[in-house]
Structures are given as C-alpha cells and as structure tokens.
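# One predicted model, sequence on top.
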Amino acid sequence: MPALALKNVNQVFGTGTARVQVLHDVNFAVEPGTLSLIVGPSGSGKSTFLSIAGGLLTPTSGSVWLDGVSYHDRTKKQRDQLRLQSIGFVLQAYHLLPYLNVDDQFKLVDHVKPKGNLDAKQLGELLDELGIADLRKKFPGELSGGQQQRVAIARALYPDPSVILADEPTAALDSARVEVVGALFQALAHARGKAVVVVTHDVRLEKFADQIFAIEDGVLHQVNK
Amino acid sequence: MFLALREIRKEKLRSGLIVAMIVLISYLIFILTSLALGLARQNTDALNSWGTQTVTLNGSANVDMRQSLITKKQAGKLTGDEAYIGQASVVAKAQGHENTSAVFIGLQSNQFVAKKIKLTSGHRPQSDKQLVADTSFQDAGYKLGSKVRLSSDSGKFTIVGFTKNAKMNIAPVVYGRLGAWLDLKDLMPGPIASAVVSRKAGARSQQSSALKTYSRATFINKMPGYSAQNMTFELMIGFLMIISLIVIAVFLYILTMQKLPNYAVLRAQGIPSRVLVGATISQSLILVVAGLIIGTELTALTAVAMPAAVPMAFDVPQLAAVAAGLVLMGLIGSLIPVGAVLRVDPVSVIGG
C-alpha cells in the first residue's frame, strides 16, 4: 500500500478569464522506504502539488490518500491531526521558532501530540546521526544555516511520520552540502522506511532518488533514471 | 503557555519593555484611583460616619447645606432617627498654629448623630464652647484643651475631643453644639439648623413644603465640585485603560506579525491554531499580570511613603476591580493579533 497517493488530482485557481488550471489529472504514489523526486521549473505546479500532497490545499477534484486513508475530504482540523501524525515537512526556509532552543522545538510537538513521538533514546540517536547532538541547548540564532536545516529535518522526523515532504531542501546549498543532504534523505527512506518526497529543481539530487517525476505545466509524469 | 513562557524567557528585553509599560500604566491608574477615592472621602467622610440616608434642606438652598436654614416650624417634629445639623464654614485660628479652614457642624447632643461620633480621645462637648475636632487638628499640633477661635467675635472654643475621618467638602470638621452654630452664624431668631438628617430612607412625614428631602447620593453628588472632580478622575482612569489596551494591542500585534512566518510553518506541520492563539493570549495575560504585580507593589510602597496630607485612600476591592479591568484590557488587546494568527495560511511557506 502506498504511503501517499494522489489520484486524478486537478487544481484550478480563479474563475472566468482568470481561471488557471495548475494541475492536470495528476496521479502519483510513493511506497514506504523510497525516495521520490519531483522535478520541474518554476511555475510548473510543484508547490501546488506539495500543498495538496501535504493536505494544506483541497484539490478541485481527485483524491489524496495517506497510508490508505482518504485525506482530501477531511475537515481542516482532521487534516491538521493527520498531518501532525503522518507527515513531516522540511521546508526551504527552515523557520525554526527563534525563542525555542533545539530541545524545545521537540517539546512543542510533545505538547500537541504527547504520544507516538520518538523516545529520548531514538531522538538522541537521530540527533547523533544528523551531527547536531551537541547543539540541543542552542537557539536557532546561534546555529549555521546547515545546522538549522538538520534541526528542521529532526523536527520533521520527531513525530515519527510515515511520509516526509521536502520543499527545495538544497536550494541554497553548494555541491558538497547537496551530497550530504541527498544522502541524508536517501537514508531516511532506506534506513528508516519513510516515504520521502522531495520537490526540487535541483538535478544534483537525481542520483539519490528511487523514482523521479517530472512536472511541467501541471502535468506530472514519471521519467526513467 | 509553553510557547508564551519560552518566548518571554528568551526575549527578556522586549518582554521587559512591555511589562514596564504595564507597570507605569497600572501604577498611574492605581494612584489616580486612590487619589480619587481619597478626595471623594474627604467630601463625604463625616456624612458617611453619621449613617445618614436622607438630608432635608431648605428648598431654595440649591442642595447646599451651607446655604440652607430651616426653622423649627418648617422641620416639624423629629423622630428618634432624625437629627438637626447646623453647618458653617469657619477658619480655625489659634496661637502658634496656621489658620485652618474648617467646617463647623453643630449637633444636638441627645440626637443620633451626636451619639454616633466615635472619639479617638477626650469627651463630647458639654457646653457651647467645647469642640470635638478631626484628628488632622491633632496632626497639626492641637491637643486636648487647646483654645481656638472660629470667627472674630465668637470667643474661644476648647478642643475637648478628637475624632477620626471627620471631613466634609475637603475640609476638616469641628463638631460643636447647635447653640454654638447659632452664635457662629449670628442669625436673627427663627432658624434652628441647616438641615435635618435621617438614618431612615424615604420622605419625612411632617415637614413644610419649603423643605426638600434628598437621598444621601443626591446630596453628595450636588456637593460643590464633587461630581466634576469624580468625573475628571473617572475620565482620566478610563483614558488610561484605553491607552493600556492600545499599548498592549500594538506591542502584541507587532510581535505576532514578526512571528507569522514561523506560525505558518507550525500550521503546515499540523500544530493547531488553538495552540498559537493560546500562546498569544497567555503571553498577553502573563505580561499584564506581571506588570500589575509590580505596579501594585510600587503603589503599596508609595502608600507607605506618602505624607498624611495627601488625600489618598486605598480600597482593596476597588483596586482589585481596576486590576481586573486592566487584565480585561490585556485580553481584548491580545484578541486583535489573534485574528492574524487565525488567518495564517500554511500554504504560504511552500515554495520558499
């Protein structure tokens, strides 16, 4: 069963002469333990795809399935709940809360979702793996961009979601850092069994992907590696 | 609460500035409230101590006891719940003391008002030349047995007792006998008092149509300057409340606007809006309550240090009501940025 699936999804914004169809009959599925790459130029519909996949936007038509459960027809509150439990977002701008230190970024999740998160040992291992174990008392303002990104990744993984959605995670990184981040996402998929979807225009990530999709003018299609 | 406390702890300067504003505002409101109450009491302390419910005056006196004269015939027969009051404005003069403007209240010793006066020392007047004075005279150096003149030709009076909180029209009261009041007013035969007061509410049964009976509240509100003074204070306090609301709302609005991108990410991650709204409201309440606590402590210190001459009165229930009003203003102020928090669109964080 796919961890995340979009079936015949269309998205239209505006009406009349202002009507724009951003996604055309999109079909997409990602299995647990795989890394999928969605590549495409600016304005191709990547952000809309990610917003619908993440339950932030309701598609004009079609359906979204999360771990076999329909997602698109839920209330906003139910989608918040499902997102908190099953989806980890890694965003281009990390936007860690500036007044929470690294530990408190996880405690915030504990406050709204007390059960099902990584335990202390698992969190310690994750932070070790990400190379930020000694930064737990630091505030975001005291971290470098790369460190903030790894904290953002750890925060996304902390609720132990089945799906990781990443938005342009390498947009501002040099090639060496792209290798590190690409390998990290691959490990999240292969070693941790997560369904990882990375939306990017960065072709340097292609070698880490298990499946690659191209999106252009709102049309998504799988491409051979 | 978690987010609010963490933010306050991290942003000490910013939170400190807001708390400082609340401290200054609450301190100013507390002091003004105490001053308003103190001044109000200096108008009414004497009347309150008598336990009066109604005041009957000459109808042409414009509800001013100083201008009222009534005759025995007009007053009719008094019941045990009624008493004559003779009021005169006097200047107390004594050797070695500054002249003091005061209110002379003449009483009939067998009536309820004279019996109700509580003495802190000495005894009640036993002749027309004896006085019981407000303790402010004692504070000014007068003692039991001190001689004092109340007008140029009324002779000397002896202070034989002191009583607390005897103030009327923001002047200390000297209590004497009704006979002394007649001497001080130097009246032609006829008038017997300025007013008849009653400790029972309602109209008097037997009195001339030339007299009018007023409720205690009406009489107090018609005291010269009383309503204007109270309204001035009420307006100042009201404006300060509104200013506090604006200050809290503006500060929180700016702080919240700066956090919206972070909040959008949290919303994208599934953190419910109620958590973010709760953080905004609890942050406001914590800052307002902290400011109020410090403001209260400052007010208490001021009360201790304030000279007795300053007419301040601290009424805990009234100050608690003012504090509750400020908390309410903080709550309303925090609701303005809450709208922005609720409108945060998590989609905005997708695509950089």
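Nice, I can see it.
# excluding its backbone neighbours, what's nearest the residue of the stretch 201-350 of chain B found nearest chain A?
The stretch 201-350 of chain B approaches chain A most closely through B:Gly270 (3.0 Å), counting by Cβ to the nearest Cβ. Any C-beta I mention is one placed from the backbone N, CA and C, and that applies to glycine too. Of all residues not flanking B:Gly270 in the chain, A:Leu84 sits nearest, at 3.0 Å (Cβ to Cβ, 6 or more residues apart in numbering or on different chains).
# Could you say which helix or strand holds that neighbour?
Under the criterion of DSSP states H and E, A:Leu84 resides in helix A:76-86.
# List the contacts of the residue nearest to B:Gly270.
A:Val109, A:Val112, A:Lys113, A:Pro159, B:Gln269, B:Gly270, B:Ile271 (Cβ atoms under 8 Å, 6 or more residues apart in numbering or on different chains).
# The stretch 51-200 of chain B: strands as residue ranges?
Secondary structure of the stretch 51-200 of chain B by DSSP state E, counting those that start in this stretch: the strands cover B:54-58, B:70-71, B:82-92, B:100-107, B:119-122, B:130-134, B:147-149, B:156-163, B:167-168, B:171-177, B:191-193, B:195-198.
# how about TSV for those, with mean pLDDT added?
Output for those, formatted as TSV (pLDDT from 0 to 100):
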stretch	mean pLDDT
strand B:54-58	93
strand B:70-71	92
strand B:82-92	93
strand B:100-107	94
strand B:119-122	94
strand B:130-134	95
strand B:147-149	93
strand B:156-163	94
strand B:167-168	90
strand B:171-177	94
strand B:191-193	91
strand B:195-198	94
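# I'd like to know which of those is closest to chain A.
strand B:167-168 (53.3 Å).
# What residue, apart from its backbone neighbours, is nearest B:Gln126 spatially?
B:Val160 (7.4 Å).
# How about A:Gln105?
Distances taken as Cβ to Cβ, 6+ apart place A:Arg155 nearest to A:Gln105, at 5.1 Å, with adjacent residues excluded.
# Centroid-nearest residue for chain A?
Nearest to the mean C-alpha position of chain A, by Cα atoms, centre = their mean, lies A:Leu165 at 1.2 Å.
# low pLDDT regions in the chain?
Chain wasn't specified; assuming chain A. Within chain A, the ranges that satisfy pLDDT under 70 run A:94, A:172, A:225.
# ah, no, chain B please
Residue ranges of chain B with pLDDT under 70: B:152, B:351-352.
# how close does the residue lying closest to A:Phe139 once chain neighbours are set aside get to B:Glu11?
Nearest non-adjacent residue to A:Phe139, counting by Cβ to Cβ, 6+ apart: A:Asn101, 5.2 Å away. Using Cβ to Cβ, to the nearest Å, A:Asn101 is found at 13 Å from B:Glu11.
# Show me which of the two is the more surrounded one.
A:Asn101 (21 against 16; other Cβ atoms under 10 Å in any protein chain shown).
# Who are the contact partners of that one?
A:Asn101 touches A:Arg136, A:Lys137, A:Lys138, A:Phe139, counting by Cβ under 8 Å, 6+ apart.
# Near residue 167, how many other residues are there?
You didn't say which chain, so I picked chain A. Residue crowding around A:Asp167 was assessed by other Cβ under 10 Å; the count is 25.
# The chain in question should be chain B.
The number of residues packed near B:Lys167 is 25, by other Cβ under 10 Å.
# Of all the residues in chain A, which one is nearest chain B?
Relative to chain B, the nearest point of chain A is A:Leu84 (3.0 Å; Cβ to the nearest Cβ).
# B:Ser109 is in contact with B:Pro125, correct?
Yes: with contacts counted by Cβ atoms under 8 Å, B:Pro125 reaches B:Ser109, the gap being 7.2 Å.
# between these two, what contacts are shared?
Joint contacts of B:Pro125 and B:Ser109 (Cβ under 8 Å, 6+ apart) are B:Arg177.
# Neighbour count: those two, which is higher?
B:Pro125 (26 against 12).
# List the contacts of that one.
Contacts of B:Pro125 (Cβ under 8 Å, 6+ apart): B:Ser109, B:Leu131, B:Val132, B:Val160, B:Gly161, B:Tyr175, B:Gly176, B:Arg177, B:Ala180.
# What's the separation between A:Gly14 and A:Val112?
For A:Gly14, the distance to A:Val112 - Cβ to Cβ - is 35 Å.
# between the two, which one's more packed in?
A:Val112 (18 against 10).
# what about the lengthiest helix in chain A, distance to the chain center?
What stands out as the longest helix in chain A, according to DSSP state H, is helix A:175-190. Between the centre of helix A:175-190 and the centre of its host chain there is 14 Å, according to Cα atoms, centre = their mean, to the nearest Å.
# Residues touching that helix, excluding its own?
In contact with helix A:175-190 (Cβ under 8 Å, 6+ apart) are residues A:33-35, A:129-130, A:146, A:149-150, A:153, A:157, A:164, A:166, A:169-170, A:173, A:194-196, A:198, A:202, A:204-205, A:207-208, A:210.
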